[in-house]
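1. give me the fold of what follows.
(chains A and B)
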Amino acid sequence: MTAPAPAATRRRATAPWPALLVLAAVGLAALLPELLAPHDPFTQNVTERLAGPTATHPFGTDELGRDLLSRVVHGTRATLVTALLALAFAFGLSLLVGLAAGYLGGLVDRVLMAGVDVLLALPSLLISLLIVSGLGTGPGNLAVAVGIASVPALARVTRAEVLRVSSQPFVEAAAGFGVARHRVLPRHVLPHARGPISALAALELATMVLSVSALSFLGYGTQPPDPEWGTLIAGGRDYFATAWWLTTLPGAVLACVVLALHRLGRAVGHANEGLTP
Amino acid sequence: MAEILDPTVPPAAPARRAGHAARRAGSFAAVVLSAYTLAFFLLYALPSDPVALMLERRSSGAGGASPERIAALREAHGLDDPLLLRYLTTLGRLLTGDLGTSFQSGRPVPEVLAAVAPGTLSLAAAALVIAVPFSVALALVTSWRSDGLAYRLLRHAPALIAAIPAFWLGLLLLRLFSFTLGWVPSSGGEGLAGLVLPAVALALPVSAALAAVLVRSLDDVRQAPFVELLTARGLPWRRVYLAHVARNALLPFVTLAGLTVGGVLVGTVITETVFARAGLGRLLASSVETQDAPVILAITVLAALVFATVNLAVDLLYPLLDPRLRRENGGAPA
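-> Predicted structure coming up:
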């Protein structure tokens, strides 16, 4: 037997076109749903209740005869905006925690990281559920719940990144030249930590789309009749035995979007090198 | 460091080990206490009013409750006491095993939990029994050769499985195996047949995470110098891989035990909802909706206890599995 081959040769990174195409469509659906949706998402049609996929209704119709594809397209915004809000919230907070811990060090670092470690020991879904039960349901509260749940992991990465960059010679040089401490962080440390953190953002957004739709599926987010991906899938459960498309097709769209975000995150990570997701 | 390496200095191993165990016990208590604290303040300090919500649910359409009734209920549940006092009294009660009364059903919380716990335990156990061998097998096949066909085909399988929404995966399995093929009952199946599908749905996302870590670990170990040495000495790759690479790579796997058990337990929230099974996960989901704070608090503390126990057990067992940690110099090359 021959010697084990060395690590898989790194292929040259190419732009992930299929993923970008999917994400462009998602972006369009979130910004201008009227452009992509073939019908109105709320118009009921009693003669076409629970009809399977056809040319006029590619995703079929629901129990009130509403066009499912249009509801999925119009539901994009609810899912995506909640996930993006959660992402912004998580990044803001974890940047604050991670920067403070990594840059100030000492007691601040130890206290913050002890808190982070304790939170890391609890599954994020449990933390989200606790926050939802405290704040109440609804898309806004859901965004906070999902965002906070991923702060511990993100804060750890941010801190590690700050520590890595802070020990670079040019940061030490900046301090040596007498650049004020409060200027070193934003001007010298932060820009260099941006690459790995942006790769993480795409992966994190994928996780958040999953969490938001899962919690909406449980009934804590957007309420019917407003469309949202998780809510749509939950609604389709009542007609599960007869109308497979009501749960299967919105779920397939959701899975595609999550995969596309994963792919994008990996591509950004490769482009930046260093960070392996 | 020098004194530790110096063979003439008698090792202070027992004291160090005792210190390690004490530290671990301390972090065990910290995790459980923090989970309780977090849950308590999220549930009781935030603006939503559990009593108003409970009355609204109980008397839907009955014209609402009188202010006196609300006041009486608040009094009965101790909701008017200062927050910090309630924090301490609730903690004291928890320590003596008093978990309180469910807002929603009015029954003692232990009774409510005990009624549904067996379903969750069997589901979680079945999922673990599926997830662990499956993830190990998947990782071993994937990582057999870094340039092999299996590696190229299966390398992204864990990420692919992880991208599938867990609730949707459960629904797909239900659709395929219950409705289309008719192999297993769609819901309410109590025996083994009813357990298989939910257990698989619960196990798949967990095994994806496990397999991803294991593949990375196998890839790392395969590049270690000792692997090259063994191969150079003419040991067949099958032996090198299974007896040496896999054995070393499986070690980090053990540290994932807490994460795995946690993932399985919290995953029951989704799985039990999808498969309409009674259990702690579904109880938690419905309690969140009705803001049944005592039940949520009890489940959170229970979950934290389980994770902390598993992590503690792993930490204490790890030196038994890794001889380098047993040696007094803490793993420095001999």
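2. now the closest residue to A:Val81 other than its chain neighbours: which helix or strand?
-> Setting aside the residues directly before and after it, A:Val81 is nearest to A:Ala30 in space (C-beta to C-beta, 6 or more residues apart in numbering or on different chains), at 7.2 Å. Every C-beta, even on glycine, is put in place using the N, C-alpha and C of the backbone. Using DSSP states H and E, the element containing A:Ala30 is helix A:17-31.
3. buried ones in that helix?
-> Of the residues in helix A:17-31, those with enough neighbours to count as buried (16 or more other C-beta atoms under 10 Å in any protein chain shown) are A:Ala19, A:Val22, A:Leu23, A:Ala25, A:Val26, A:Ala29, A:Ala30.
4. can you list contacts of that helix?
-> Residues from elsewhere that reach helix A:17-31 (C-beta atoms under 8 Å, 6 or more residues apart in numbering or on different chains): A:35-37, A:73-74, A:76-77, A:80-81, A:256-257, A:259-261, A:263-264, A:267.
5. one more time with 6 Å, if that's ok
-> Taking contacts as C-beta atoms under 6 Å, 6 or more residues apart in numbering or on different chains, the residues outside helix A:17-31 that touch it are A:Leu36, A:Val73, A:Thr76, A:Arg77, A:Leu80, A:Cys256, A:Val257, A:Ala260, A:Arg263, A:Leu264.
6. now swap in stretch B:297-317 and tell me
-> For stretch B:297-317, the external contacting residues (C-beta under 6 Å, 6+ apart) are A:121, A:126, B:24, B:28, B:31-32, B:35-36, B:39, B:99, B:109, B:254-255, B:257-258, B:261-262, B:284.
7. show me the strands in the stretch 201-334 of chain B, by range?
-> Read by DSSP state E, counting those that start in this stretch, the stretch 201-334 of chain B holds no strands at all.
8. how deep is residue 209 tucked in, by neighbour count?
-> Picking chain A for this. Number of residues near A:Val209 (other C-beta atoms under 10 Å in any protein chain shown) recorded here: 27.
9. meant chain B actually
-> Per other C-beta under 10 Å, the neighbour tally for B:Ala209 reads 18.
10. quick one: it from chain A, how far?
-> Per C-beta to the nearest C-beta, to the nearest Å, B:Ala209 is found 12 Å from chain A.
11. and B:Pro185, by the same measure?
-> 13 Å.
12. next, that residue: secondary structure please.
-> When classified by DSSP: H, G, I helix; E, B strand; the rest coil, B:Pro185 comes out as coil.
13. which ones are touching the residue most central in space within chain B?
-> Geometric centre of chain B, nearest residue: B:Gly262, 0.6 Å, by C-alpha atoms, centre = their mean. Residues near B:Gly262 by C-beta under 6 Å, 6+ apart: A:Pro123, B:Phe307.
14. now with 10 Å, please.
-> With contacts defined as C-beta atoms under 10 Å, 6 or more residues apart in numbering or on different chains, B:Gly262 is in contact with A:121-126, B:206, B:256, B:303-304, B:306-307, B:310-311.
15. weed out the non-buried ones from these.
-> The buried subset of those - by 16+ other C-beta under 10 Å - is A:121-126, B:206, B:256, B:303-304, B:306-307, B:310-311.
16. distance to A:Glu161 added to the residues you listed, as JSON lines?
-> Below are the buried ones among the contacts of B:Gly262 laid out as JSON lines (distance: C-beta to C-beta, whole Å):
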{"residue": "A:Ala121", "distance to A:Glu161": "22"}
{"residue": "A:Leu122", "distance to A:Glu161": "24"}
{"residue": "A:Pro123", "distance to A:Glu161": "24"}
{"residue": "A:Ser124", "distance to A:Glu161": "21"}
{"residue": "A:Leu125", "distance to A:Glu161": "26"}
{"residue": "A:Leu126", "distance to A:Glu161": "27"}
{"residue": "B:Val206", "distance to A:Glu161": "28"}
{"residue": "B:Leu256", "distance to A:Glu161": "24"}
{"residue": "B:Ala303", "distance to A:Glu161": "31"}
{"residue": "B:Ala304", "distance to A:Glu161": "29"}
{"residue": "B:Val306", "distance to A:Glu161": "32"}
{"residue": "B:Phe307", "distance to A:Glu161": "27"}
{"residue": "B:Val310", "distance to A:Glu161": "30"}
{"residue": "B:Asn311", "distance to A:Glu161": "26"}
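17. if we can go back for a sec, any of the contacts of stretch B:297-317 buried? List them.
-> Among the contacts of stretch B:297-317, the ones that count as buried by 16+ other C-beta under 10 Å are A:121, A:126, B:24, B:28, B:31-32, B:35-36, B:39, B:99, B:109, B:257-258, B:261-262, B:284.
18. mean confidence for the longest helix seen in chain B?
-> Scanning chain B for the longest helix, with DSSP state H as the assignment, gives helix B:109-142. Mean pLDDT, helix B:109-142: 92.
19. ditto for stretch A:28-46
-> Regarding stretch A:28-46, the rounded mean pLDDT is 86.
20. and for stretch A:260-277?
-> Summarised as a single mean, pLDDT over stretch A:260-277 is 74.
21. now stretch A:171-180
-> pLDDT averaged over stretch A:171-180 gives 82.
22. over to stretch A:122-129?
-> pLDDT averaged over stretch A:122-129 gives 89.
23. right, is that stretch up against chain B?
-> Yes - using C-beta under 10 Å from any C-beta of the partner chain, we find that stretch A:122-129 touches chain B at A:Leu122, A:Pro123, A:Ser124, A:Leu125, A:Leu126, A:Ile127, A:Ser128, A:Leu129.
24. chain center to that stretch, what's the gap?
-> For stretch A:122-129, the separation from the chain centroid amounts to 16 Å (computed by C-alpha atoms, centre = their mean, to the nearest Å).
25. go on, stretch A:222-234?
-> 18 Å.
26. secondary structure class for B:Gly97?
-> Going by three-state DSSP: B:Gly97 is coil.
27. need the residues of stretch A:122-129 next to chain B in a markdown table (columns: distance to A:Gly219 and secondary structure).
-> Shown next, in a markdown table, are the residues of stretch A:122-129 next to chain B (distance: C-beta to C-beta, whole Å; DSSP: H, G, I helix; E, B strand; the rest coil):
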| residue | distance to A:Gly219 | secondary structure |
| --- | --- | --- |
| A:Leu122 | 22 | coil |
| A:Pro123 | 20 | coil |
| A:Ser124 | 19 | helix |
| A:Leu125 | 15 | helix |
| A:Leu126 | 17 | helix |
| A:Ile127 | 18 | helix |
| A:Ser128 | 14 | helix |
| A:Leu129 | 12 | helix |
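28. how about a markdown table for those residues, with distance to A:Phe91 added?
-> Below are those laid out as a markdown table (distance: C-beta to C-beta, whole Å):
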| residue | distance to A:Phe91 |
| --- | --- |
| A:Leu122 | 20 |
| A:Pro123 | 21 |
| A:Ser124 | 15 |
| A:Leu125 | 20 |
| A:Leu126 | 22 |
| A:Ile127 | 17 |
| A:Ser128 | 17 |
| A:Leu129 | 22 |
